[in-house]
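Engineer: how would this look folded up:
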Amino acid sequence: MSWDPSIAATTCPGSIWCIGWSPCSRFIAISFSTGTEVHLLDAVTLKRLKSSKHPHHPTDLLTFSPESRSLIWFSYEPNAFTSWDLQTGVRAGEIPTDEPLLHPLSVTYSGCGTMVGVLFKDRHNDGGASTINIYDLLSRTLIYRHPIEGRSVNTIWRHGDCVQFAIVGPGSITVWEVGFSSQLPPTQVESLPTPNNFDNSIGFLFHPTPPRLASEGPGQTVAVWDARYSKLLLNSMDIGRPTKGMSFSTDGHLFACEGGQGIYLWKESPTGYIPHRKLVPSGTGLKNSAQFFSPNGQSTVTTGGTSLQLWRTTDSSSSTSSVPVRDPRGIRRFIIRFSPDGLLAAVTRERDDTAIVFDLKSGATRLTVDTGATICALGVARNTIAVVVRNGEVVTWNLPTGVHVLSARAGRSDSVRTTRLGRWIASPRCVLGAAAISPGLNYVAAETGSWYYIHDGSTGVCLGQVRSYYSSSWFTADGRELWFLGSERCTGWAIVRDGESDVIELEPLDRSVDPSGGFPWQSPHGCQVTNDWWVLNSTGKRLLWLPPHWRFEEIPYWRSEEIHRVWSGRFLALLHAELPEVVVLELLEE
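Structural biologist: From the prediction side, this is the model:
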């Protein structure tokens with residue numbers, strides 16, 4: 001879907017424990033917090049390709065060989081590495097590590113692919129003892145053990161025929177290296193300065209080329225430092241909560257960390273790292289979440305409980321809609337109304353004075369109207385748009401025809417009728433709150449104080465009233481019911497018109513009765529949204545996967561006023577108060 005960075009999603013049989021990308025960026029390996037299976041997934045569709053069972057419980061370290069042919073992972077009791085040949089599907093055997101008190105954090109292969117270096121750290125103390133072990137994959141034996149003095153960063157990498165790692169000290173970070181086949185102790189390669197406040201950080205991530213040092217500070221801070229030129233590239237203090245994970249892309253141009261509301265992505269620019277995207281994984285939350293960039297930097301994968309999601313990190317022509325933006329006037333909800341014949345829709349934003357009518361089939365704008373006043377409600381028919389404005393007027397325009405059928409504009413002087421609602425003739429200074437127009441433009445419901453007043457749409461005569469403490473209202477498609485939306489429930493009233501007078505009565509409907517035609521956020525054709533955000537048709541076939549910005553709980557009232565979902569026939573409107581546009585989709589089946 002080009003309108004959102006999400007590429008694919010899947011639900012796994014258990015809570016995801018570990019993720020590993022293949023160097024070719026074509027495969028993803030995952031293990032689980034329970035069970036002994038490791039799955040190999042396609043990195044485009046997330047379809048499972050193969051699986052293998054470990055004789056023991058695997059830990060959170062999965063590493064592909066340089067040519068993406070095999071995979072190794074670590075287990076406790078016994079402490080060993082297991083190798084899995086991905087082409088044959090055969091486990092090639094175990095390599096005992098003999099490090100019962102240490103935890104493996106990082107693995108790097110030698111250039112020839114016959115040796116691996118493994119960074120071990122104390123399982124219970126981040127500042128405790130560390131060691132780098134070199135193993136021969138052919139003989140499955142430990143070759144050398146190199147103790148590390150100091151606070152090492154949790155990542156090692158290959159540089160030529162050597163293993164390199166970083167030590168963080170007061171005011172500096174030093175890079176060390178040791179040869180894969182050398183008995184000599186590690187030697188220092190270079191020393192790079194760090195800011196003084198990095199000394200109080202609770203976690204580090206180092207990227208060697210270009211040299212970038214990321215830190216998780218106390219509280220809610222994350223920072224990235226250019227170690228080569230002593231320059232602070234990022235200092236974010238508003239990510240929702242202390243971070244739980246950080247990641248650089250292979251080239252260092254993208255940086256990600258986890259905050260309280262999702263995964264935050266930054267992109268490198270001449271002035272430092274600037275906000276690029278915010279990803280919100282689905283699932284049971286971010287408690288066990290992690291994020292890893294693909295080696296080619298074009299995508300990233302996130303986890304949340306048992307869910308796994310794949311995201312596009314590269315720019316696209318429509319990627320601006322995936323980043324929420326704050327309006328200078330604050331959060332302002334969208335208002336959208338569909339014509340009864342299902343051909344047109346009208347949309348505006350709260351406190352705006354312009355509205356747009358567009359064709360649902362082509363998406364082309366039919367008419368843009370400028371009311372010159374704050375809009376409270378919209379109504380659109382085949383040839384007409386009606387707008388209720390804050391001072392109690394209903395302004396009506398005819399839609400253009402002929403050569404001016406597309407992208408026409410109109411102001412108040414172009415309207416065909418302006419009607420003042422009768423309730424407000426005696427009090428011209430009174431302003432409206434919420435309002436609604438019936439689909440046939442026959443009735444207008446307008447709220448002030450704790451009352452809703454029902455008016456004739458063409459004359460403005462007040463026909464009836466009902467006491468209400470609700471935040472918004474809408475008419476059913478047949479125009480015979482008026483419903484009010486509250487914080488905990490919806491209440492409906494049947495519109496009964498006296499045949500001998502213009503007065504109508506509103507008869508309360510039983511609370512167990514749903515609106516005729518259903519609620520606006522429910523599909524009239526039996527479509528439904530599953531817990532993992534798939535839109536299903538009436539037979540259960542998957543039609544669409546909803547991106548995170550347009551998700552909310554399936555409950556009979558709005559859980560969040562910032563996120564809306566409105567159905568009309570086969571059309572689904574997605575409205576997010578912090579996004580610049582409304583998205584309207586037509587769901588078709590092949």
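
Engineer: State the distance from the closest residue to Ser230 other than its chain neighbours to Ile173.
Structural biologist: Of all residues not flanking Ser230 in the chain, Pro193 sits nearest, at 5.2 Å (CB to CB, 6 or more residues apart in numbering). Where C-beta positions appear, they are placed from N, C-alpha and C, glycine not excepted. For Pro193, the distance to Ile173 equals 8 Å [CB to CB, to the nearest Å].

Engineer: quick one: which of the two has more around it?
Structural biologist: Set Pro193 next to Ile173 and count neighbours by other CB atoms under 10 Å: Ile173 wins out with 22 against 15.

Engineer: bridging residues for that one?
Structural biologist: Counting by DSSP bridges, Ile173 is bridged to Val168, Leu192.

Engineer: Distance-wise, check it relative to Val566.
Structural biologist: 53 Å.

Engineer: Please apply the same query to Leu536.
Structural biologist: 18 Å.

Engineer: before we move on, what about Arg409?
Structural biologist: Counting by CB to CB - Arg409 and Val566 are separated by 25 Å.

Engineer: ok, these two, which is more surrounded?
Structural biologist: Val566 (22 against 13).

Engineer: Checking that one next. Helix, strand or coil?
Structural biologist: strand (DSSP: H, G, I helix; E, B strand; the rest coil).

Engineer: my guess is Val224 meets Arg212, correct?
Structural biologist: Yes: counting by CB atoms under 8 Å, Val224 does reach Arg212; the two are 5.9 Å apart.

Engineer: Residues in contact with both of these two, list them for me.
Structural biologist: 233, 255 (CB atoms under 8 Å, 6 or more residues apart in numbering).

Engineer: These two: which has the busier surroundings?
Structural biologist: Relative neighbour count places Val224 above the other of Val224 and Arg212, with 26 against 22, counting by other CB under 10 Å.

Engineer: Tell me who's in contact with that one.
Structural biologist: Per CB under 8 Å, 6+ apart, neighbours of Val224: 212-214, 232-234, 255, 266, 272-273.

Engineer: Skipping its backbone neighbours, what lies nearest it in space?
Structural biologist: Spatial nearest neighbour of Val224, excluding adjacent residues (CB to CB, 6+ apart): Leu234 at 4.0 Å.

Engineer: in the helix or strand encompassing that neighbour, what's buried?
Structural biologist: Applying DSSP states H and E as the criterion places Leu234 in strand 231-236. Within strand 231-236, the residues scored as buried using 16 or more other CB atoms under 10 Å are 233-234, 236.

Engineer: Tell me which strands that strand pairs with, and in which orientation.
Structural biologist: strand 222-226 (antiparallel).

Engineer: Thr155 contacts Gly203, correct?
Structural biologist: No: applying CB under 8 Å as the test, Thr155 and Gly203 come out as separate, 11.7 Å apart.

Engineer: correct me, but Gly297 touches Gly252?
Structural biologist: No: with contacts counted by CB under 8 Å, Gly297 stays clear of Gly252, the gap being 9.4 Å.

Engineer: If Phe120 is in a bridge, with which residues?
Structural biologist: Beta-bridge partners, per DSSP bridges, of Phe120: Pro104, Thr131.

Engineer: How much space separates it from Ile132?
Structural biologist: 8 Å.

Engineer: Same question for Ser247.
Structural biologist: From Ser247 to Ile132 the distance is 22 Å (CB to CB).

Engineer: okay, the two: which has more neighbours?
Structural biologist: Applying other CB under 10 Å to Ser247 and Ile132 shows that Ile132 carries more neighbours, namely 23 against 19.

Engineer: In contact with that one, which residues?
Structural biologist: Ile132 sits in contact with 117-120, 145-146, 148, 156, 163, 165, 178, 186, where contact means CB under 8 Å, 6+ apart.

Engineer: do that again at 6 Å, thanks
Structural biologist: By CB atoms under 6 Å, 6 or more residues apart in numbering, the contact set of Ile132 is 117, 119, 146.

Engineer: between those, which is closest to Pro439?
Structural biologist: Leu119 (66.1 Å; CB to CB).

Engineer: ok, that closest one - contacts?
Structural biologist: Applying CB under 6 Å, 6+ apart, the residues near Leu119 are 105-106, 132, 156.

Engineer: rerun at 10 Å
Structural biologist: By CB atoms under 10 Å, 6 or more residues apart in numbering, the residues touching Leu119 are 61, 102-108, 130-133, 148, 152-156, 163, 165.

Engineer: and if you look at Leu61?
Structural biologist: 18, 20, 31, 72-75, 81, 103-107, 118-119.

Engineer: Would you list the buried entries among the residues you listed?
Structural biologist: Here, 16+ other CB under 10 Å leaves 18, 20, 31, 72-75, 81, 103-107, 118-119 buried among the contacts of Leu61.

Engineer: Chain neighbours aside, what residue packs nearest to Gly379?
Structural biologist: Using CB to CB, 6+ apart, the nearest residue to Gly379 is Ile437, at 3.1 Å.

Engineer: surely the one you found meets Trp474?
Structural biologist: Yes: counting by CB atoms under 10 Å, Trp474 is a contact partner of Ile437 at 9.3 Å.

Engineer: Overlap in contacts, those two.
Structural biologist: 337, 377, 445.

Engineer: Write the ChimeraX selection for whichever of those are buried.
Structural biologist: Per 16+ other CB under 10 Å, the buried members of these correspond to this ChimeraX selection:
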select :337,377,445
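
Engineer: So which of the shared contacts of Ile437 and Trp474 is the closest to Arg480?
Structural biologist: For the shared contacts of Ile437 and Trp474, the nearest to Arg480 is Ala445 (13.2 Å; CB to CB).

Engineer: about what we covered before: which residues does the residue nearest to Gly379 contact?
Structural biologist: Going by CB under 10 Å, 6+ apart, Ile437 touches 337, 346, 376-381, 385-388, 394, 443-446, 455, 457, 474-475, 479.
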